[in-house]
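*Asks:* predicted structure and sequence below. I'll ask about it afterward.
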Amino acid sequence: MSTSPVKVAVTGAAGQIGYSLLFRIASGSLFGPDTPVELRLLEITPALKALEGVVMELDDCAFPTLAGVEIGDNAEKVFDGVNHALLVGARPRGPGMERGDLLEANGGIFAPQGKALNSVAADDIRVTVTGNPANTNALIAMSNAPDIPQERFSALTRLDHNRAISQLAAKTGAAVTDITHMTIWGNHSATQYPDLFHAEVGGRNAAELINDEAWLADTYIPTVAKRGAAIIDARGASSAASAASATVDHARDWALGTAPGDWVSMSVRSDGSYGVPEGLISSFPVTTSNGDWQIVQGLEINDFSRARIDASVKELEEERDAVRGLGLLG
Ligand SMILES: NC(=O)C1=CN([C@@H]2O[C@H](COP(=O)(O)OP(=O)(O)OC[C@H]3O[C@@H](n4cnc5c(N)ncnc54)[C@H](O)[C@@H]3O)[C@@H](O)[C@H]2O)C=CC1
Ligand SMILES: O=C([O-])CC(=O)C(=O)O
């Protein structure tokens, strides 16, 4: 095992997602069995006692890859020297709410956290925002961290990507491992667009294989896009273990690279690709290598896809304008 641990910050560590995520990271799911990790856990003051209990459980697992845990309620202390920051801490929505309804409640968390990362994180910091509304929270954090390269900020659309794979596998009877080239475009919201025109099932184009645009429009897309609400309805609480698992998938693939010949969905800063206005944090098909991501270029976007990508991007612009109005953009 290498000797210098990777320092991973997790915010909202005493919450539902944290309770699953911390154990996955500590057990080596993020960087593998040969890389020790040090956890830096941020919570609000009233949640620190509960967090102490979670740390007792982490201790009790005796994970070989867990090199240390520090907890606190001061972002500048907790983020000091961190290499990865997983910004999960934020209020979840309840029944009948859209994620965008959380902007006012949660947006204020991400400006100070962006500033703190800017001041004290390691030079190679990579930031993943899971807390909702994830894309716009990532935009807030990024805009408050002027010294960190903008490509180091991302938001989680991997849960949507995984849901899209799972639903396509169920429809076609294929194994999830047979499904490649899945893309979620746009916002992590009900307007997101899971794209089957480039996805493949066992090497065959998924849209051609299914050949049923009505199913695509009326069943598949809404099922994927509204899956979070369906889980809230069934569980009485928003998805937590699957969100933790997707956060691990996202951060692992970013750090260690995507599978050769395939891509994943990540929300990253647009460079204007596919007509998405530059500077928005929007979901794209990306490949990663050596800790960097590249937006996959040259995909043909048909009218069906164009209308849906545009609708989701319009919502991202509205969210950006709303947080600008709240004074949250640095
Ligand atoms: N992007 C995605 O795919 C998904 C995002 N989410 C979002 O993740 C967020 C967390 O969800 P849960 O863990 O279920 O919620 P939770 O309510 O169980 O936990 C949130 C934790 O964040 C903490 N927190 C609040 N403000 C904080 C701050 N300023 N600094 C540090 N910690 C702070 C709270 O004390 C709480 O312990 C929610 O916004 C939820 O909507 C959830 C599922 C999927
Ligand atoms: O739906 C929610 O509010 C939680 C979430 O982001 C998801 O499950 O995708």
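*Replies:* Cool, got the structure. Ligands and ions are numbered 1, 2, ... in the order given.
*Asks:* what about residue 33, neighbour count?
*Replies:* Neighbour count of residue 33, defined by other CB atoms under 10 Å: 11. Where you see a C-beta, it was placed from the backbone N, CA and C, and this is true even at glycine.
*Asks:* state the distance from it to ligand 1.
*Replies:* Counting by CB to the nearest ligand atom, to the nearest Å, the separation of residue 33 from ligand 1 is 26 Å.
*Asks:* helix, strand or coil: sort out that residue for me.
*Replies:* coil (DSSP: H, G, I helix; E, B strand; the rest coil).
*Asks:* skipping adjacent residues, who's closest to it in space?
*Replies:* Leaving aside its chain neighbours, residue 33 sits nearest to residue 65 (6.4 Å; criterion: CB to CB, 6 or more residues apart in numbering).
*Asks:* now do the phi/psi pair for that neighbour.
*Replies:* In terms of degrees, to the nearest 10, the main-chain angles of residue 65 are phi -90, psi 0.
*Asks:* do the same with the one 4 residues further on
*Replies:* Backbone dihedrals for residue 69, given as degrees, to the nearest 10, come out at phi -140, psi 130.
*Asks:* what residues are bridge-paired with it?
*Replies:* Partner residues in beta bridges with residue 69, using DSSP bridges, are residue 39.
*Asks:* which residues in the stretch 151-300 of the chain form helices?
*Replies:* For the stretch 151-300 of the chain, applying DSSP state H, counting those that start in this stretch gives helices covering 158-172, 206-210, 213-215, 221-225, 227-235, 241-256.
*Asks:* so for ligand 2, which of these sits nearest?
*Replies:* helix 227-235 (2.2 Å; CB to the nearest ligand atom).
*Asks:* ok and the closest one relative to helix 241-256, angle-wise?
*Replies:* 140 degrees (axes from the mean of the first three to the mean of the last three CA atoms, to 10 degrees).
*Asks:* enumerate the positions of helix 227-235 that are buried.
*Replies:* Using 16 or more other CB atoms under 10 Å as the test for burial, helix 227-235 gives 227, 228, 229, 231, 232.
*Asks:* residues from the stretch 1-150 of the chain in reach of ligand 2?
*Replies:* 92, 93, 99, 132 (CB under 6 Å from any ligand atom).
*Asks:* the second one contacts residue 101, correct?
*Replies:* Yes. Shown here, residue 93 and residue 101 form a contact pair, counting by CB atoms under 8 Å, at 6.4 Å.
*Asks:* and residue 127, which of the three is it?
*Replies:* Once three-state DSSP is applied, residue 127 turns out strand.
*Asks:* is it possible to get JSON lines of the buried residues of helix 227-235 that adds pLDDT and distance to residue 330?
*Replies:* Shown next, in JSON lines, are the buried residues of helix 227-235 (pLDDT from 0 to 100; distance: CB to CB, whole Å):
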{"residue": "227", "pLDDT": "98", "distance to residue 330": "33"}
{"residue": "228", "pLDDT": "97", "distance to residue 330": "29"}
{"residue": "229", "pLDDT": "97", "distance to residue 330": "32"}
{"residue": "231", "pLDDT": "97", "distance to residue 330": "33"}
{"residue": "232", "pLDDT": "96", "distance to residue 330": "32"}
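*Asks:* ok, back up a step: of residue 93 and residue 101, which one has the most company?
*Replies:* Between residue 93 and residue 101, counting by other CB under 10 Å, residue 93 is the more crowded of the two (20 against 14).
*Asks:* which residues are in contact with the more buried one?
*Replies:* Contact partners of residue 93, counting by CB atoms under 8 Å, 6 or more residues apart in numbering, are 99, 101, 102, 132, 232, 238.
*Asks:* again, 6 Å this time
*Replies:* 99, 102 (CB atoms under 6 Å, 6 or more residues apart in numbering).
*Asks:* ok but it is inside a helix, no?
*Replies:* No. Assigned with three-state DSSP, residue 93 falls outside any helix and is coil.
*Asks:* where does it land on pLDDT?
*Replies:* If you check residue 93, the pLDDT there is 90.
*Asks:* any regions of this protein where pLDDT drops low?
*Replies:* Within the chain, the ranges that satisfy pLDDT under 70 run 1-2.
*Asks:* contact residues of it facing ligand 1?
*Replies:* 11-12, 14-18, 42-44, 47, 88-93, 109, 130-132, 134, 156, 159, 188, 238-240, 243.
*Asks:* just the buried ones from these, in ChimeraX syntax?
*Replies:* Applied in ChimeraX, the following selects the buried portion of the residues of the chain next to ligand 1 according to 16+ other CB under 10 Å:
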select :11,12,14,15,16,17,18,42,43,47,88,89,90,92,93,109,130,131,132,134,156,159,188,238,239,240,243
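*Asks:* of the residues of the chain next to ligand 1, which belong to strands?
*Replies:* With DSSP state E as the criterion, strands contain 11, 42 from among these.
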